[in-house]
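> the following block contains a protein sequence and its predicted model.
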Amino acid sequence: MEFGIFIQGYVPRSRSQADPQAEHHALMEEMDYVVKADKAGFKYAWVTEHHFLEEYSHISANDVVIGYLTHATERIHVGSGIFNPLPKVNHPVKVAERVAMLDHLSGGRFEFGTGRGAGSHEILGFLPDVASMDATKEMWEETIGEFPRMWLNDEYPGFTGKHWTLPPRKVLPKPYGKAHPAMWYAAGSPASYEMAARKGLGVLGFSVQKVSDMEWVVASYKDAIREAEPVGAFVNDNVMVTSTAICAETSAEARRIAAAGGLNYLQSLLFRYHDTFPRPEGIPVWPELLPEYSEELIELLIAEELMICGDPDEVLKQCKRWESAGADQLVFGLPVGIPPEQTAQTINLIGEHVIPKIDTDPVHRTTRFRQSVG
């Protein structure tokens, strides 16, 4: 199992009220976390694309962020989590061009994640005439298979669809090296895991909450991917899942950091905006907030495998549970409500004590898939 982090540009109101430059400072801190993760041995960093989601995510131009990070890092793969290829959000040709350019700038370290957007507030801002998010499925389906055709043909033969058209054109640049970057899909339901598998796409499991949720959806994915008819040049047999992670020198310190991190506010914002995610019972409707996390609640979240938290030995055991459940990649959402030095501590301790005991392959899994192309 490989490891990564994801960043999203979280700027809670409490921080903005205390610091007029909070947005800038938050963004720069998250850039630094990726640089630190690269040095600590993490293999992946995922950068979200969100629009209009005040406080929750201020990274809208993630292609710009990824371009910066590919220059600021050496080994880590940097991925779009996601680029939204719906034609009225980002024109598919421009997405293809950006992917290929980032592939060059990174020296083959870019990972191409796509999705349909996770919330109506965001997507219906671009698609005001669409009645529901369900309509975005057709748009994404119409588009996803066209990217490899743009990259792999000298001249793209053109496309005429329901949602976008293009006459024959040479789409430039072409990707760097073999084939094209690994392709991923942000899946939120068992059916979408299976759909991604049939298309040969890796899954970005941002909506997976706990290990027990993982075990049965990964089984459906792994069964389906055996019969994949890939839309790209190769099958990206990969399931990525996410969890909050806090690691400290002692168990008590980790729990104290977690309880003081304002995690209830971030979680409340998640359910405010991501109205297509499964909504657990008892989640209040915004602006009502989840109660503040006590150390007792943190202990319960750890026991229920809803959070990775503890000293290095505890964190290692918790990560191994995800590995045994079948995760190919475990990505940490760093609790950015805590001081930067404590987040850096989590990155460094996991890099020193956890990753070397689980991920012993020096080569990225997606690199192996891409290099297998004849």
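Happy to help now that I have it. Residues are numbered from 1 along each chain as shown.
> might one say that residue 74 is in contact with residue 38?
Yes. Using CB atoms under 8 Å, residue 74 and residue 38 qualify as a contacting pair, with a distance of 6.1 Å. All C-beta atoms are positioned from the backbone trio N, CA, C, and that covers glycine.
> tell me which of these two has more neighbours.
A count of neighbours by other CB atoms under 10 Å puts residue 38 above the other of residue 74 and residue 38, at 23 against 11.
> need the contact list for that one.
Neighbour list for residue 38: 45, 73-76 [criterion: CB atoms under 8 Å, 6 or more residues apart in numbering].
> buried ones among the residues you listed?
Applying 16 or more other CB atoms under 10 Å to the contacts of residue 38, the neighbour count classes 45, 73, 76 as buried.
> hmm, residue 46 and the last one touching each other?
When you say that, I think you mean residue 76. No. At 10.6 Å, residue 76 does not count as touching residue 46 under the criterion of CB under 8 Å.
> any idea how far residue 329 is from the nearest residue to residue 57 once chain neighbours are set aside?
Closest residue to residue 57 in three dimensions, ignoring its sequence neighbours and counting by CB to CB, 6 or more residues apart in numbering: residue 50, at 3.8 Å. In this structure, residue 50 and residue 329 are 21 Å apart, going by CB to CB, to the nearest Å.
> repeat for residue 96
Relative to residue 329, residue 96 is positioned 24 Å away (CB to CB).
> also residue 257?
From residue 257 over to residue 329 (counting by CB to CB), the distance is 25 Å.
> higher neighbour count, those two?
Between residue 257 and residue 329, counted using other CB under 10 Å, residue 329 has the larger neighbour count: 26 against 21.
> how about the more buried one, phi and psi?
The phi/psi pair for residue 329 (degrees, to the nearest 10) reads phi -150, psi 130.
> pull the contacting residues for the closest residue to it other than its chain neighbours.
When the adjacent residues along the chain are set aside, residue 329 lies closest to residue 240, with 4.0 Å between them (CB to CB, 6+ apart). Neighbouring residues of residue 240 by CB under 8 Å, 6+ apart: 4, 44, 46, 184, 202-205, 327-331.
> same thing with residue 279?
Applying CB under 8 Å, 6+ apart, we find residue 279 in contact with residue 271.
> ok so it is a helix residue?
No. The assignment for residue 279, made by DSSP: H, G, I helix; E, B strand; the rest coil, is coil rather than a helix.
> how near is it to residue 209?
When distances are taken as CB to CB, residue 279 and residue 209 turn out to be 11 Å apart.
> residues of the longest helix belonging to the chain that come out buried?
Scanning the chain for the helix with the most residues, using DSSP state H, yields helix 22-40. Residues of helix 22-40 classed as buried under the neighbour-count rule (16+ other CB under 10 Å) are 22, 26-27, 29-31, 33-38, 40.
> quick one: low-confidence parts of the stretch 201-350 of the chain?
Low-confidence segments of the stretch 201-350 of the chain, defined by pLDDT under 70, are absent; every residue clears the threshold.
> which ones are touching the closest residue to residue 359 other than its chain neighbours?
With sequence-adjacent residues excluded and distances taken as CB to CB, 6+ apart, residue 359 is closest to residue 2, at 5.2 Å. Residue 2 is in contact with 43-44, 328-330, 359, 361, 364-365, counting by CB under 8 Å, 6+ apart.
> in space, what's closest to the one residue sitting closest to the centre of the chain - neighbours in sequence excluded?
When the chain is reduced to its mean C-alpha position, the nearest residue by CA atoms, centre = their mean turns out to be residue 81, at 3.9 Å. What sits nearest to residue 81 in space, not counting adjacent residues and going by CB to CB, 6+ apart, is residue 46, at 3.4 Å.
> and the one you found, helix, strand or coil?
strand.
> from what I see, it and residue 5 are in contact.
Yes. With contacts counted by CB under 8 Å, residue 46 reaches residue 5, the gap being 7.5 Å.
> the more surrounded of the two?
For residue 46 versus residue 5, neighbours defined as other CB under 10 Å are more numerous around residue 46 (29 against 26).
> who does the more buried one form a beta bridge with?
residue 6, residue 79 (DSSP bridges).
> can you give me the strands for the protein?
With DSSP state E, the ranges of strands along the chain come out as 2-7, 44-47, 77-80, 110-114, 159-160, 165-166, 183-186, 202-205, 239-247, 308-310, 329-333.
> those strands: which one's closest to residue 275?
strand 183-186 (15.1 Å; CB to CB).
> how far is that closest one from where the chain is centred?
The offset between the C-alpha centroid of strand 183-186 and the centroid of the whole chain comes to 9 Å, using CA atoms, centre = their mean, to the nearest Å.
> lovely, talk soon.
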